[in-house]
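Asker: Can you look at this prediction? I've put the sequence above it.
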Amino acid sequence: MYRFSKRKQTPLLLFTLACGSLLASATPDDPTDTNPPHIGEPQGTLTLREAYAYALVNSPGLAAFAYEERIAEAETLQAGLLPNPELEVEVEEFGGSGESSGFDSAESTVLLGQLLELGGKRKHRVSHSKLGEDVSRFAYETARIQLLTDISKAFVAVLAAQEELDLLQENVQLAEEALAGAETRVDSGAASPLEALKAQSVLASEVISARQAERDLDTARRALSELYGSDEPKFTSASGELRRSIALPTIQSLRQAFERHPERLRWASRIEQQRQAVALEKSKAVPDLTVGVGLKHFNSNENLSGVVQFSMPLPLFDRNQGDIRKAREQLGQARENARASRTGILAALAGTYRQIELLQTEVESIERDLLRTAQSVQEKTFRAYEEGKANYLEVIDAQRMYAEARIRHNETLVQYNQTFFELEGLVGRPLSELPTDTPQLNENN
């Protein structure tokens, strides 16, 4: 049975976990480790914290993002390596005719060459790769926030489905009692057989509704377990409350918080990475120098001589013009994509904020008007029944009206909480940490 909470509910630790504080010691340092830390799949009664913990360690999608970080680190390692030296061996003046027919007049040269990258290529290459690490890390943080947001919304859906099933099962029990009472009245001649038929119809309808609620609960449980990486839910029930008392931050504070969202930081790193890409392509226009030193051996007199070799391409035709232009265009593209992303998310932020304000008003209206009225009708009808002024079917109708009001209230609370979690996901942090000037949901309804 749903219980109204009279104390303020803080956000359900959503983005405390998103920052990794809960599982800092449980997250594997190396995703390729064959024996990573293990957290058993939740069984029995499931809490939101347990769902978070298991999802952060077990989610395949999140694990794939962790690999992206390691890939970026490997690319940085590779970018910083110096070119390998080259060993060159040359033998000439042999196998010909006359004096050159054998090896007596052969000349052998051994050279050790090294490519010297000029123009700061290695520095720009390493900087570009390091920024790629930042892009991957912020993408991982964004994915983690989205995963925990989805877990929170799915968990609320399970709570609501459980509550609705409880309410409908109560209605089935009341309908069974109504049918038994109607049959007794018909047997005693105090009522017509029509009253028993009506009671049977009501019972059949309530049983069908309860079975539908069971299917809805099963669907919600499977959706939740799929998010945290299980193909079959092991938990039997979810434990938690639907929040009722939440102070909303100002829209200005939400916008300010959004600017520090990992997605915004990812785009900032992506743009800076593209700037480095332009610098890298410009550096490639500077020719590299290959230097070689070695010895030359003359078989004819066993003399040795030193050899120094220099080589450099002449940038007459290819000065990397095409790749420089391509990098510049990609920089412009990244800027526009970042601007489009920011505009889209701010629009979603404003729309979600407006939606949660409307849902807050709707919750208060349901609690103030619909629930109170339905409960009053139920109580008055029951008293009338006790006084013989109403039949049991009227009691059932009144009870059904009250149950439907509670179900509607439950559904609206679900929408409110899921919108709240969506808002937290858009700004990337708990709303409780932001300045507020919006009244809370009235606790005295």
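Answerer: Structure's in. What do you need? Remember, it's a predicted structure, so these values are computed and weren't measured experimentally.
Asker: in what helix or strand does residue 148 lie?
Answerer: If you go by DSSP states H and E, residue 148 is part of helix 121-188.
Asker: Determine how far that helix lies from the middle of the whole chain.
Answerer: Chain-centre distance of helix 121-188: 14 Å, with CA atoms, centre = their mean, to the nearest Å.
Asker: Quick one: mean pLDDT for that helix?
Answerer: Mean pLDDT, computed over helix 121-188, is 89.
Asker: again with stretch 436-445
Answerer: Rounded mean pLDDT across stretch 436-445 is 50.
Asker: Work out which residue lies at the spatial centre of the protein.
Answerer: residue 146 (2.2 Å; CA atoms, centre = their mean).
Asker: Could you give the number of residues near the closest residue to that one other than its chain neighbours?
Answerer: Distances taken as CB to CB, 6 or more residues apart in numbering put residue 425 closest to residue 146, at 6.3 Å, once the chain neighbours are dropped. Every C-beta, even on glycine, is put in place using the N, C-alpha and C of the backbone. Residues within reach of residue 425, counting by other CB atoms under 10 Å, total 24.
Asker: Wait, residue 425 touches residue 145, no?
Answerer: Yes - if you go by CB atoms under 8 Å, residue 425 and residue 145 touch, sitting 5.8 Å apart.
Asker: ok, which stretches of the chain are helices?
Answerer: Taking DSSP state H as the criterion, the chain contains helices spanning 14-18, 48-58, 60-79, 121-188, 193-227, 251-258, 262-283, 321-365, 371-386, 392-427.
Asker: Out of the ones you listed, which gets nearest to residue 434?
Answerer: helix 251-258 (4.2 Å; CB to CB).
Asker: Can you tell me which helices and strands the closest one packs against?
Answerer: With contacts defined as 3 or more CB pairs under 8 Å, 6 or more residues apart in numbering; DSSP states H and E, the packing partners of helix 251-258 are helix 321-365, helix 392-427.
Asker: what inclination does the shortest one have with respect to helix 321-365?
Answerer: So the one you mean is helix 392-427. 150 degrees (axes from the mean of the first three to the mean of the last three CA atoms, to 10 degrees).
Asker: any idea how far helix 392-427 is from the chain center?
Answerer: On the basis of CA atoms, centre = their mean, helix 392-427 is displaced by 27 Å from the centre of the chain it belongs to.
Asker: Quick one: list the elements packing against it.
Answerer: Using 3+ CB pairs under 8 Å, 6+ apart: helix 392-427 touches helix 14-18, helix 121-188, helix 193-227, helix 251-258, helix 321-365, helix 371-386.
Asker: if you compare these, which one is most tucked away?
Answerer: Of all the helices and strands packed on helix 392-427, helix 14-18 carries the top mean neighbour count, a mean of 22, counting by mean count of other CB atoms under 10 Å.
Asker: on that earlier part again, wait, the residue nearest to the centre of the chain touches residue 426, no?
Answerer: No - if you go by CB under 8 Å, residue 146 and residue 426 don't touch, sitting 10.3 Å apart.
Asker: follow-up on the earlier one: select, out of the helices of the chain, the one closest to residue 306.
Answerer: That would be helix 121-188 among the helices of the chain, by CB to CB, at 29.0 Å.
Asker: still on that earlier bit, dump the helices and strands packed on helix 392-427 into CSV; add distance to residue 404 as well.
Answerer: CSV is the format used below for those (distance: least, CB to CB, whole Å):
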stretch, distance to residue 404
helix 14-18, 31
helix 121-188, 9
helix 193-227, 10
helix 251-258, 34
helix 321-365, 16
helix 371-386, 8
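Asker: Nearest to residue 436, out of these?
Answerer: helix 251-258 (7.9 Å).
Asker: by how many degrees do that closest one and helix 392-427 diverge?
Answerer: Here helix 251-258 points in a direction 50 degrees away from that of helix 392-427 (the same axes, to 10 degrees).
Asker: Could you check the angle helix 251-258 makes with helix 262-283?
Answerer: Using the same axes, to 10 degrees: helix 251-258 against helix 262-283 is 40 degrees.
Asker: what's in contact with helix 251-258?
Answerer: Applying CB atoms under 8 Å, 6 or more residues apart in numbering, the contact partners of helix 251-258 are 249, 264, 345-346, 349-350, 353, 423, 426-429, 431, 434-436.
Asker: ok, now with 7 Å
Answerer: 264, 345, 346, 349, 350, 353, 426, 427, 428, 429, 434, 435 (CB atoms under 7 Å, 6 or more residues apart in numbering).
Asker: before we move on, back to that, residue 422 is in contact with the residue nearest to the centre of the chain, correct?
Answerer: No - Residue 146 is not in contact with residue 422 according to CB atoms under 7 Å; the separation is 10.3 Å.
Asker: check contacts around the residue lying closest to residue 202 once chain neighbours are set aside.
Answerer: Closest residue in space to residue 202, ignoring its immediate chain neighbours: residue 175 at 5.0 Å, by CB to CB, 6+ apart. Residue 175 is in contact with 202, 203, 206, 396, counting by CB under 7 Å, 6+ apart.
Asker: And residue 175, how far from residue 208?
Answerer: As judged by CB to CB, to the nearest Å, residue 175 and residue 208 stand 11 Å apart.
Asker: just residue 150 next, same as before
Answerer: Going from residue 150 to residue 208 by CB to CB gives 31 Å.
Asker: Same check on residue 55?
Answerer: From residue 55 to residue 208 the distance is 35 Å (CB to CB).
Asker: can you count the residues close to the nearest residue to residue 380 once chain neighbours are set aside?
Answerer: Leaving out its chain neighbours, the residue that sits closest to residue 380 by CB to CB, 6+ apart is residue 398, at 7.9 Å. Counted with other CB under 10 Å, the neighbours of residue 398 add up to 22.
Asker: isn't residue 398 right up against residue 379?
Answerer: No - with contact defined as CB under 7 Å, residue 398 does not count as touching residue 379 (8.5 Å).
Asker: next one: phi and psi at the spatially closest residue to residue 284 that is not a sequence neighbour?
Answerer: Closest residue in space to residue 284, ignoring its immediate chain neighbours: residue 320 at 4.6 Å, by CB to CB, 6+ apart. Phi and psi for residue 320, reported as degrees, to the nearest 10, are phi 60, psi 30.
Asker: for the stretch 301-445 of the chain, which spans come out with low pLDDT?
Answerer: 386, 437-445 (pLDDT under 70).
Asker: Let me fix that, I meant to ask about the stretch 151-300 of the chain.
Answerer: For the stretch 151-300 of the chain, the stretches with pLDDT under 70 are 191, 243-246.
Asker: circling back: which of the contacts of helix 251-258 sits closest to residue 183?
Answerer: Residue 183 lies nearest to residue 353 out of those, by CB to CB, at 55.0 Å.
Asker: Could you pull up the residues touching that closest one?
Answerer: By CB under 7 Å, 6+ apart, residue 353 lies in contact with 251, 254, 423.
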